[in-house]
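Undergrad: Output the structure for:
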Amino acid sequence: MRKIILFVLGFVILIGAIFAAKAIINSKNTFKPKAEKIVKTVFGETVINANIPIVIPANGTLVAKNRLELYAEVQGIFRSSAKDFKAGQEYRAGETLLNIDSQEYYSSVQAAKSEFYNLITSLMPDLRLDYPEAFPIWQSYLNSIDINKSTPELPKILSEKVNFFITGRGVHTKYYIVKNLEQRLGKYRITAPFNGILTEALVTKGTLIRQGQKLGEFIDPTVFELELAIEKSYSDLLKEGESVALSTLNLDKEYIGKVIRINGKIDQATQTIKVFVEVKGADLKEGMYLSAQLDAREEPDAIKIARKLLIDESQIFIIKDSVLDLLEVKPTYFASKYVVIKGVPNGTRILSKPIPGAYVGMIVKVIEESSSSPSETLDTIQ
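TA: Next comes the predicted model:
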């Protein structure tokens, strides 16, 4: 009997504990937090269409417009120069760059001149007797010949008989032989055709120079050309005489150049066309690397935006009553960092900075670009 009472009592206590636990659990109030609506804060701007200049970027190295590669056309010993024939040496126009020993050849030229002088002298008695009207002309020509100077041009012959007589005696043949020798004699002395600087010197005084040997390089350091490779699609936008903005790589110096030539042939390998820009500057050097900005044309009623804002190359996000929407646009020019588009009405508000996860119908809070620094996209809890 005692065991039965203890069993019943334990069962009652267990049932009571279960009901008490249920009561405690049911008495607990569960509160669900209110969902907070997240609104992106974005930077926007109001569209004002205008004429947007199309600027084509390009790079290239400077090359002297006036340059002279010095080659020997004769053989001999390098005897002298107006100044030290070394790289970096400046010469004025007309100064001697190289003077090659020409004594032996000079003697042969003088001998040819003497023979020509003797030939003309031998003709004078016959001219006096047979062609007295031509005698004074040839006498004057004979008196003008100086074997230490360049041979003067033959006098003009008006009479056909006199011409046959002079030609038959070999005067013309001998004259042109002498002139050819004189021309070759002039190649022993190379002079500076313009004010410039010697950028390369491959010989020194006393060197034996052979025909065809390269001697050095001479340039004008005041005028340079910049060769630029432009995509063929822009070739019809460029014209000769247009100004070009140039700058160094670190953008510490700027220059203004001018398009002077446009090649009519497209490079088959790169599908580009060569454009040559002339530029002047006291601190410019040959081989300097410059960046160019070519003003091709202006696109009317257009705007310029960052390429990151363009969706599928034909749409952009606009803001209507704090809600994002897509607008079809017409891109007209793509640059590396921006794109020029048309088709956006004046007064339309667009994003000025891209935002991650943007979609049509997204609610945003707009901060005008001019009133805040768009360093990053902000999130705010409303």
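Undergrad: List the buried residues of the helix ranked longest in the chain.
TA: Counting residues, the longest helix found in the chain (DSSP state H) is helix 103-130. Residues of helix 103-130 classed as buried: 105, 109, 112-113, 116-117, 120, 123, 127 (neighbour count, 16 or more other Cβ atoms under 10 Å). (Each C-beta comes from the backbone N, C-alpha and C, glycine too.)
Undergrad: Show the contacting residues for T270.
TA: A229 (Cβ atoms under 8 Å, 6 or more residues apart in numbering).
Undergrad: which residues of the stretch 151-300 of the chain score low on pLDDT?
TA: Along the stretch 151-300 of the chain, the parts satisfying pLDDT under 70 run over 235-237.
Undergrad: Go again with 90.
TA: 156-163, 166-167, 169, 186, 228-255, 259, 262-275, 281-284, 291-300 (pLDDT under 90).
Undergrad: Could you tell me whether I25 really is in a strand?
TA: No: counting by DSSP: H, G, I helix; E, B strand; the rest coil, I25 is not found in a strand; it is helix.
Undergrad: count of neighbours near it?
TA: The local packing of I25 (other Cβ atoms under 10 Å) involves 8 other residues.
Undergrad: and if you look at E254?
TA: E254: 13 neighbours (other Cβ under 10 Å).
Undergrad: Same check on A269?
TA: The burial count for A269: 6, using other Cβ under 10 Å.
Undergrad: Same question for V162.
TA: For V162, using other Cβ under 10 Å, the count is 18.
Undergrad: How much space separates it from P132?
TA: 11 Å (Cβ to Cβ, to the nearest Å).
Undergrad: Beyond the longest helix of the chain, next helix or strand please.
TA: helix 135-144 (DSSP states H and E).
Undergrad: what helices or strands is that following helix leaning on?
TA: Here helix 135-144 touches helix 103-130, going by 3 or more Cβ pairs under 8 Å, 6 or more residues apart in numbering; DSSP states H and E.
Undergrad: Could you quantify the relative orientation of the longest helix of the chain and helix 135-144 as an angle?
TA: 160 degrees (axes from the mean of the first three to the mean of the last three Cα atoms, to 10 degrees).
Undergrad: returning to that earlier point: can you list the buried residues of helix 103-130 in TSV and add pLDDT and distance to N99?
TA: Converted to TSV, these look like this (pLDDT from 0 to 100; distance: Cβ to Cβ, whole Å):
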residue	pLDDT	distance to N99
Y105	89	13
V109	92	16
A112	93	22
K113	93	21
F116	93	26
Y117	92	27
I120	92	31
L123	90	37
L127	88	41
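Undergrad: Just flag the most distant two among those residues.
TA: Greatest spacing in these, by Cβ to Cβ: Y105 and L127 (32.8 Å).
Undergrad: K274 reaches D267, doesn't it?
TA: Yes: K274 lies in contact with D267 (Cβ atoms under 8 Å); the separation is 7.3 Å.
Undergrad: ok, those two, which is more surrounded?
TA: Taking neighbours as other Cβ under 10 Å, K274 and D267 compare with K274 leading, 17 against 12.
Undergrad: How about T151, nearest residue that isn't a chain neighbour?
TA: V178 (5.2 Å; Cβ to Cβ, 6 or more residues apart in numbering).
Undergrad: I137 now?
TA: Once chain neighbours are set aside, the closest to I137 by Cβ to Cβ, 6+ apart is P155, at 5.0 Å.
Undergrad: what about the one you found, is that helix, strand or coil?
TA: P155 is classified as coil under three-state DSSP.
Undergrad: Tell me the spacing between it and N143.
TA: On the measure of Cβ to Cβ, P155 and N143 end up 12 Å apart.
Undergrad: So these two - more neighbours on which side?
TA: P155 (13 against 8).
Undergrad: Make sure the more buried one is actually in contact with P136.
TA: No: between P155 and P136 there is no contact under Cβ under 8 Å: 10.2 Å.
Undergrad: what's near enough to touch G76?
TA: 100-102, 105, 188, 208-209.
Undergrad: List the beta-bridge partners for it.
TA: Beta bridges link G76 to I209, judged by DSSP bridges.
Undergrad: Need the pLDDT of it.
TA: The score at G76 is 92. That number is its pLDDT.
Undergrad: A201 versus that one, what's the distance?
TA: 17 Å.
Undergrad: After the lengthiest strand in the chain, which helix or strand is next?
TA: The strand spanning the most residues in the chain, taking DSSP state E as the definition, is strand 289-306. Per DSSP H and E, the first helix or strand lying C-terminal to strand 289-306 is strand 315-320.
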